[in-house]
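# Quick one, fold the following:
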Amino acid sequence: MQLTTKQLEKMNAYVGCGPHLDADILILGNEEGTDGFPEEIAAHAAARFRLYGKDQETVSTLLDSMTSDRDILYQDDLYSSEHYKYSPKGLWTNGFWEPSANAGGEKIKEYLKRYYGSIPTKSTDRPSAFNTHTARICLTIKAIKTDSNFPIETYLNYDKSKRNEIVAFTEEQLYTPNPRGGVATALMDWRPLPRPNEGGWPPEYQALFKNADEYLDAYLFKKNATPKMQAFVERRIQYLKTIILQSRANHLITIGQTENKLDIIARMFPKQKLEIEQMPLKNRAYYVRMRLPEKTLNIYSRFLITSRLKIYIA
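The predicted model follows:
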């Protein structure tokens, strides 16, 4: 399988998993991952450009079509008209999402089962700590909403007594509608192509990009990015901006490559000032406020390089 331009366009419009419009907290990550199936890039791609964002009946029909031709979902000319359930106005060109992380994961497993006849064994590699960091901040926000004097370091400075609560939140509540505890979260990843890690470049993407730099340079806003990729990035910004404005959430969490994330936010809302203050934590952590006409966006950023703060302040 070699990714086509049209498939890339659709993957660029996939914003992530969770109840985005009804979320209390939005999370902005670095890029799409592979969730325990690092070798199955084609499956992750196909799920995003053909299965995600659609109702279960449509997904079942698409998966059933693989019985006669297991590669049929890659044939763009067969899918000129598609309806999306999880998208503004039912069109992927407005951006689309999966209702929960579990829903997306199950679609990939079903695809793999139809493709191979069975589901490959999941990787036993240790998962990223991203979701754990996210859970810590979510629990902090939840606690502060109840008690404005709640000590901010309680969950963020690795108190062992909170470990079970953090693990439970990570496993049971992140990126799912109607979670126990009442805090709804939704994930948006900045870069749309799934990779098992940020150091490799899968062969499935090589028909469109000669190397990872051609892709990454654009999403890092480097001056040598090609006009074609700059256009993809601009559309990505608009997809995510639409979600931020339409969501009821007024909290946004960013973890890792935070300077890039604040650059994204600044480009989304170029007329708005970012008000930045440091949190009293051992690790670099900052609270950023942006006052939009529609709402005030409260941004919680970890691992920000302090020497670069000034470039984000209008």
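
# May I see the buried residues of the helix or strand in which Ile264 is found?
Assessed by DSSP states H and E, Ile264 sits inside helix 258-268. Residues of helix 258-268 classed as buried by neighbour count (16 or more other Cβ atoms under 10 Å): Thr258, Glu259, Asn260, Lys261, Leu262, Asp263, Ile264, Ile265, Ala266, Met268. Placement of C-beta: from N, CA and C, glycine included.

# And for stretch 221-231?
Those would be Ala225, Met229, for stretch 221-231 by 16+ other Cβ under 10 Å.

# Surely Ala23 and Ala186 touch.
Yes. Ala23 is within contact range of Ala186, at 4.0 Å (criterion: Cβ atoms under 8 Å).

# Now for these two: what residues contact both?
Both Ala23 and Ala186 are contacted by Ser247, Ala249, under the criterion Cβ atoms under 8 Å, 6 or more residues apart in numbering.

# which of these two has more neighbours?
Ala186 (29 against 23; other Cβ atoms under 10 Å).

# OK, contacts around Pro196?
Applying Cβ under 8 Å, 6+ apart, the residues near Pro196 are Gly33, Thr34, Pro38, Glu39.

# Just to be sure, it is in a strand?
No. Counting by DSSP: H, G, I helix; E, B strand; the rest coil, Pro196 is not part of a strand but coil.

# ok, so what distance separates the closest residue to Lys295 other than its chain neighbours from Leu139?
Spatially, and ignoring its direct neighbours in sequence, Lys295 is nearest to Asn250 (5.0 Å; Cβ to Cβ, 6 or more residues apart in numbering). Distance of Asn250 to Leu139, given as Cβ to Cβ, to the nearest Å: 17 Å.

# same check, this time on Gln257
From Gln257 to Leu139 the distance is 23 Å (Cβ to Cβ).

# And the residue sitting furthest away from the middle of the chain, how far from Gly16?
Centroid-distance maximum for the chain: Ser68 at 33.0 Å, with Cα atoms, centre = their mean. Ser68 is 32 Å from Gly16, where distance means Cβ to Cβ.

# ok, so of the buried residues of helix 258-268, who is nearest Pro203?
Asn260 (26.0 Å; Cβ to Cβ).

# Name all residues that make contact with the closest one.
Trp190, Tyr219, Leu220, Phe221.

# Narrow the residues you listed to those in strands?
Trp190 (DSSP state E).

# Weed out the non-buried ones from the contacts of Asn260.
Trp190, Tyr219, Leu220.

# Secondary structure of Arg236: a helix, I assume?
Yes. Arg236 forms part of a helix when assessed by three-state DSSP.

# That one: neighbouring residues, count only.
22.

# any idea what sits nearest it, other than its immediate chain neighbours?
Here the residue nearest Arg236, using Cβ to Cβ, 6+ apart, is Asn12, at 5.5 Å.

# who's in contact with the one you found?
Pro192, Phe232, Arg235, Arg236, Tyr239 are the contacts of Asn12 under Cβ under 8 Å, 6+ apart.

# repeat for Ser65
Ser65 neighbours (Cβ under 8 Å, 6+ apart): Ile72, Leu73.

# pLDDT value on it, please?
For Ser65, the pLDDT comes out at 97.

# try Ser307
The model's pLDDT for Ser307 equals 38.

# helices and strands around the least confident helix or strand in the chain by mean pLDDT, which ones?
Sorting the helices and strands of the chain by mean pLDDT, DSSP states H and E puts strand 274-278 at the bottom, at a mean of 80. Here strand 274-278 touches helix 258-268, strand 285-291, going by 3 or more Cβ pairs under 8 Å, 6 or more residues apart in numbering; DSSP states H and E.

# what about the strands in the stretch 101-250 of the chain?
In the stretch 101-250 of the chain, the strands defined using DSSP state E, counting those that start in this stretch lie at 185-191.

# so where's it shaky on pLDDT?
181 (pLDDT under 70).

# That one: helices as residue ranges?
Taking DSSP state H, counting those that start in this stretch, the helices of the stretch 101-250 of the chain run over residues 101-116, 130-146, 153-156, 163-172, 212-219, 227-246.

# From Gln246, how far off is Asp22?
Taking Cβ to Cβ, one finds Asp22 at 10 Å from Gln246.

# Leu26 falls within a strand, correct?
Yes. When three-state DSSP is applied, Leu26 is found to be in a strand.

# Enumerate every residue touching it.
Contacts of Leu26 by Cβ under 8 Å, 6+ apart are His20, Thr185, Ala186, Leu187, Met188, Ile243, Ile244, Ser247, Ala249, His251, Leu252, Ile253.

# For it, give me the pLDDT.
96.

# quick one on the thing from earlier: what's the residue farthest from the centre of the chain in contact with, if anything?
Per Cβ under 8 Å, 6+ apart, neighbours of Ser68: none.

# Look up how far Glu214 lies from it.
Taken as Cβ to Cβ, the span from Ser68 to Glu214 is 36 Å.

# same check, this time on Ala46
Taking Cβ to Cβ, one finds Ala46 at 22 Å from Glu214.
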